[in-house]
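Peer 1: Quick one, fold the following:
(chains A and B)
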There are 2 protein chains.
Amino acid sequence: MSYKAPVKDMLFVLENISEIDKINQLPGFEDYDLETASAVLEESGKFCGEVLAPLNWTGDQNPSHLLNGEVITTPGFKEAFQQFGEAGWQGVIHPVEFGGQGFPKAIATPCAEMLHAANMSFALCPMLTDGAIEALLTAASSELKERYIPKMILGEWTGTMNLTEPQAGSDLAAVRTKAELQGDGSYKIFGTKIYITYGEHDMAENIIHLVLARCPGAPEGVKGISLFVVPKFMVHEDGSLGERNDVQCVSIEHKLGIKASPTAVLQFGDHGGAVGYLVGEENRGLEYMFIMMNAARFAVGMQGVAIADRAYQQAVWYANDRAQSKDLTGSAEPVTIIHHPDVKRMLMTMRAYTEGARAIAYVAAAASDQAHHSTDQNIRQKNAAFYEYLVPIIKGFSTEMSVEVTSLGIQVHGGMGFIEETGAAQHYRDARILPIYEGTTAIQANDLIGRKTYRDGGQVAQSIASLIQETENQLKASGSIEAAAMLKHLNAARISYESVVAHIVANFKSEIKDVFAGATTYLKLAGTLLSGWQMARALLVSEDRLSEDPDFYSAKIGTAYFYAEHLLSQVPGMASAVINGGRSVNQLRADQF
Amino acid sequence: MSYKAPVKDMLFVLENISEIDKINQLPGFEDYDLETASAVLEESGKFCGEVLAPLNWTGDQNPSHLLNGEVITTPGFKEAFQQFGEAGWQGVIHPVEFGGQGFPKAIATPCAEMLHAANMSFALCPMLTDGAIEALLTAASSELKERYIPKMILGEWTGTMNLTEPQAGSDLAAVRTKAELQGDGSYKIFGTKIYITYGEHDMAENIIHLVLARCPGAPEGVKGISLFVVPKFMVHEDGSLGERNDVQCVSIEHKLGIKASPTAVLQFGDHGGAVGYLVGEENRGLEYMFIMMNAARFAVGMQGVAIADRAYQQAVWYANDRAQSKDLTGSAEPVTIIHHPDVKRMLMTMRAYTEGARAIAYVAAAASDQAHHSTDQNIRQKNAAFYEYLVPIIKGFSTEMSVEVTSLGIQVHGGMGFIEETGAAQHYRDARILPIYEGTTAIQANDLIGRKTYRDGGQVAQSIASLIQETENQLKASGSIEAAAMLKHLNAARISYESVVAHIVANFKSEIKDVFAGATTYLKLAGTLLSGWQMARALLVSEDRLSEDPDFYSAKIGTAYFYAEHLLSQVPGMASAVINGGRSVNQLRADQF
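Peer 2: The predicted model follows:
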């Protein structure tokens, strides 16, 4: 079972929900209307479906492996990455001046979704390269930018992010990698980094490592961390490659999933010091890394949507193929299992989560475009705050739901789902990393509850609640059963959300542990609500446009209806757990477990 | 990280919740008081922890494999199975007259939990053997019983259940395997069976296959299926082994988990016909199989509890070992992660599900003992109906929650959880089969909604609701915060449950597809409520006995409190989905997916 990019739903969202026509009016994006988006998505979908999707299973069966310090990637990956670079896909979102295509994020996002759906293990290489490019664009000198970015955009070199160390885990304050200034202005880097995605591989000529390290005498904690570029091969003035730098891959991990993506342990400086170049200023590394991490967190959220859609497509295919048991209302012969209500319930759950998470992510992407490109300072600020609020939700919610959706994908297959050759199990294994890397769900939730909710006294959250209320008012005008169900559950969910936000703001200081005990549930609640809100908007548009394409729009309406009855309806229960449940989380002492 | 049987909690449940003292009063169980139970559980826990648990990871790394038609099991399994048989553990629940120990199910059940927690792949062999013994006890002639059961109880021979065929899946009406009567009263069997757990292995001298097949001229559908014994090696009159029978293992599956347990495709009769012996009467095979399947479904539910506990123990160990980030309330150094609220939330979720599911399963086991051994016909009938109602819930709920719990187990480990050598990922992979085999969750849910709820007009369900109401009354007498929270959520959940049952009974005929669309959610709702009810009973006992052992009982109270605030609180949302959500499940046509 391969993958077909859901271009129609993507364009529906771009047109009606994330409103590409407004992005099209921003300076620099005059060429990016719906028609261009449509052409780009078709082309990208073709490449992803034809070239990358067939290599997904290959990668699971033939993982990357380490041989004499070098990583040999899955057969076919190197060639595919070359095609990917040559076709310009690495440059989709990057500036034209460095050879990129300069697409709005609104259009680059569906492209990224397709890429990850087709082959998540493969797509991690361009995704990390995007992050490294972004970090360099943000903070590097023109010289470093000129030297590294164009080759990375061409797909000739790739990038990595080196944050985690064995003793530190998610706690960057504990980073111990050292950086010593040399006479020529370069640094020598010494230390060990773990969980480095594509930290070593054979798909490109050079690998550009972005590395967090600490200079001698730097302040303790996160305020003493600096960011460095450490190339695998030294780069001459003319751009040609020189000697091997002192960074070695000492092992790669044996993982539950994304087996084709090599996860490296990198050793810097065992033979005299790895040559590195400071990005921006000393001790501001974390700040730069956060900019890049925001992009990466959004991208991981898209991986969640992507793998959910892939699992959904496979499950639908199977449910339409497999005949078993008669229909409940009576049939002479066994029917395909898609006709059994519980199979439909599972498929609808998968579909509703995926469409909802897609829509809110695309809305966030459009907000990011507004935040960066609007000529109106007020619009920029408002959209920046909205985007910042959404990032941890998109990362946390889309990835958590992808674990549930890929699990349902197995369940739809019955016993066949547990057999590896079916392929459903791969999605389940691959998806499980998503709520962990680029900040676990708890880290997203802590960001959401602290920096994004408490810090502004719940203002952004409250402004979102007001927007949802406008949608509720629009739902009142429709007389349909579906709109009525949506109104009922959206209203209850929005009121629950407001209570939760008020609870957080009121108790954050006095009951910090009990409030943080509700962080992850708050994140899931917010994700369920905000995705559901987009489904409500989709429902309204689809009722208006029903006659244009009844099959498509009635399916959108039906999916929104399901979302309301089955997913939004769970929000008040979550709110109860957040508001009343903190004390019960912290009641047992550590030694009582 | 190994496994330590939670004997203390098991004995707590036996003493206070499933009430072993009442079982002890039944004829035949006079020797089985709490003291005996305690000795048995200690001994069983020791064997499981020391002999079987260390082989769990070995089995994952060295799966069973097929070599020239024979399955070579994981190194150490054969020796462990010999020890298991010699120590008498295979006979725990079986009659003394055939060499068993004749324990009540109330005590055999914690033994089974330990076995599966220690090594689920290993434990499947005794579990299937139990099922085969049960089928023979139920329906076989004395001659067949005498010939096969004693050796199986000794652990010298093992048993299998052969139901599924490639074209039929869960639909037993479609079974095509043929059985032809021979002149000597035996039958020749021809056909292919798939997903046969321990269908071939090297751990015992002989394998006794229980096989569903169809005689010539038998009625169509499930009423034409008969049950046969087909030994791997023929058995002479004197019990010695003869020739190889005509049943061959043609392949074993490459699976997501339980890799040490060989899942065989068996070919019967390719060389003239496999010799089989009719069990009971022709065309009553499904009826016999259902008796055995009820036991097997309960056992799989216990596997869910077991693997959840194993994952919980591993997560607690890691959370106590791993220091990372400072405490939220301020600390000089990083603290172990068990002090972070979201880690506690995850551990509490794992713990609350596991304790709740354990308690309701043990209650069911005690009901089964009453149903079979009470001298009072009325008590027998009442308990039989209660047990029958609980079986699909225990199977469905415990296994679904085990998928969530083992996933949380990974999440507690962060990045380490995704690395296979940590072991958390194995539990996640192993658990995923549980909601599928022995009848998927949907099949359990259909059984629950149809045979167990609609058929008696919701009477059994309503009688359970009345019992819960009694517990609510007892909660009112306690003045504690925990009891008040439990009362609030237990009451709301019980009322939701009653509405759902009434909805099902009222609409079953008229809206069959919409009602069945809610079956799985009804099952989860009932599982959450009935487990929560046991947590409420545990809370009441623990408040009474607090001074006897404050650490233990306060942890029980805290866990019940968490269960109320975080799990029971979700029940009204589920009820809404069942009562209002059916139509939205069935709205899209198959071609709209």
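Peer 1: Can you pull the residues of the stretch 251-400 of chain A lying near chain B?
Peer 2: Taking CB under 8 Å from any CB of the partner chain as the contact definition, the stretch 251-400 of chain A meets chain B at A:253-257, A:316, A:319-320, A:322, A:324-325, A:328-329, A:334, A:336, A:338-345, A:347-348, A:351. (C-beta placed from N, C-alpha, C; glycine too.)
Peer 1: hmm, 7 Å instead?
Peer 2: By the rule CB under 7 Å from any CB of the partner chain, the part of the stretch 251-400 of chain A lying against chain B is A:253-256, A:316, A:320, A:324-325, A:328-329, A:334, A:338-339, A:341-342, A:344-345, A:347-348.
Peer 1: Tell me the buried residues within those residues.
Peer 2: Buried members of those, scored by 16 or more other CB atoms under 10 Å in any protein chain shown, are A:253, A:255-256, A:316, A:320, A:324-325, A:328, A:334, A:338-339, A:341-342, A:344-345, A:347-348.
Peer 1: Residue A:161 falls within a strand, correct?
Peer 2: Yes - under DSSP: H, G, I helix; E, B strand; the rest coil, residue A:161 sits within a strand.
Peer 1: give me the number of residues near it?
Peer 2: 27 (other CB atoms under 10 Å in any protein chain shown).
Peer 1: May I have the residues that are in contact with it?
Peer 2: Residue A:161 is in contact with A:128, A:131, A:132, A:210, A:292, counting by CB atoms under 7 Å, 6 or more residues apart in numbering or on different chains.
Peer 1: Tell me the bridge partners for it.
Peer 2: Listed beta-bridge partners, residue A:161: residue A:210 (assigned using DSSP bridges).
Peer 1: where does the stretch 101-250 of chain A have low pLDDT?
Peer 2: A:169-170 (pLDDT under 70).
Peer 1: In it, what residue spans correspond to strands?
Peer 2: A:157-162, A:178-181, A:187-197, A:206-214, A:225-231, A:233-235, A:241-244, A:247-252 (DSSP state E, counting those that start in this stretch).
Peer 1: and the third one with chain B, contact?
Peer 2: Yes - with CB under 7 Å from any CB as the measure, strand A:187-197 is seen reaching chain B through residue A:195.
Peer 1: what about dumping the CA coordinates of that strand to PDB?
Peer 2: Extracted in PDB, the C-alpha atoms of strand A:187-197 (Å, rounded to 0.1, in the frame of the first residue of the first chain):
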ATOM      1  CA  TYR A 187      37.000  27.300  18.100                       C
ATOM      2  CA  LYS A 188      37.900  23.800  19.100                       C
ATOM      3  CA  ILE A 189      35.000  21.700  20.200                       C
ATOM      4  CA  PHE A 190      35.200  18.800  22.700                       C
ATOM      5  CA  GLY A 191      32.300  16.700  23.800                       C
ATOM      6  CA  THR A 192      29.700  14.000  23.200                       C
ATOM      7  CA  LYS A 193      26.300  14.500  21.600                       C
ATOM      8  CA  ILE A 194      23.600  11.900  21.500                       C
ATOM      9  CA  TYR A 195      20.400  11.300  19.500                       C
ATOM     10  CA  ILE A 196      21.800  13.200  16.500                       C
ATOM     11  CA  THR A 197      19.400  12.600  13.600                       C
END
